[in-house]
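Trainee: no sequence on this one, just coordinates:
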């Protein structure tokens, strides 16, 4: 029998000195250390840190969804 599911969405920001792709991957990797059953990652914003006219870091804002665990009744 199928059961209804509930998901939570949380927003995190990953950073990288190399690329936006690595920044997004770093965000998911860090979140996976404390959140279980990650389902979908949506990149909602990309930006860069600029110092002295040079790009020093890439940042990816990521919405992550994960399933709530059901506790026994």
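Mentor: The structure has been received and is ready for your questions. Since the model is a prediction, treat every value here as computed from it, not as a measurement.
Trainee: isn't residue 50 up against residue 58?
Mentor: No. Counting by C-beta atoms under 8 Å, residue 50 stays clear of residue 58, with 10.9 Å between them. Just so you know, the C-beta spots here come from the backbone N, C-alpha and C atoms, and that holds for glycine as well.
Trainee: count of neighbours near residue 30?
Mentor: For residue 30, the neighbour count with other C-beta atoms under 10 Å is 13.
Trainee: wait, I meant residue 43
Mentor: Neighbours of residue 43 (other C-beta under 10 Å): 15.
Trainee: just residue 50 next, same as before
Mentor: Residue 50, neighbours per other C-beta under 10 Å, totals 10.
Trainee: and it, what does it touch?
Mentor: residue 56 (C-beta atoms under 8 Å, 6 or more residues apart in numbering).
Trainee: can you tell me the helix or strand for it?
Mentor: If you go by DSSP states H and E, residue 50 is part of strand 38-51.
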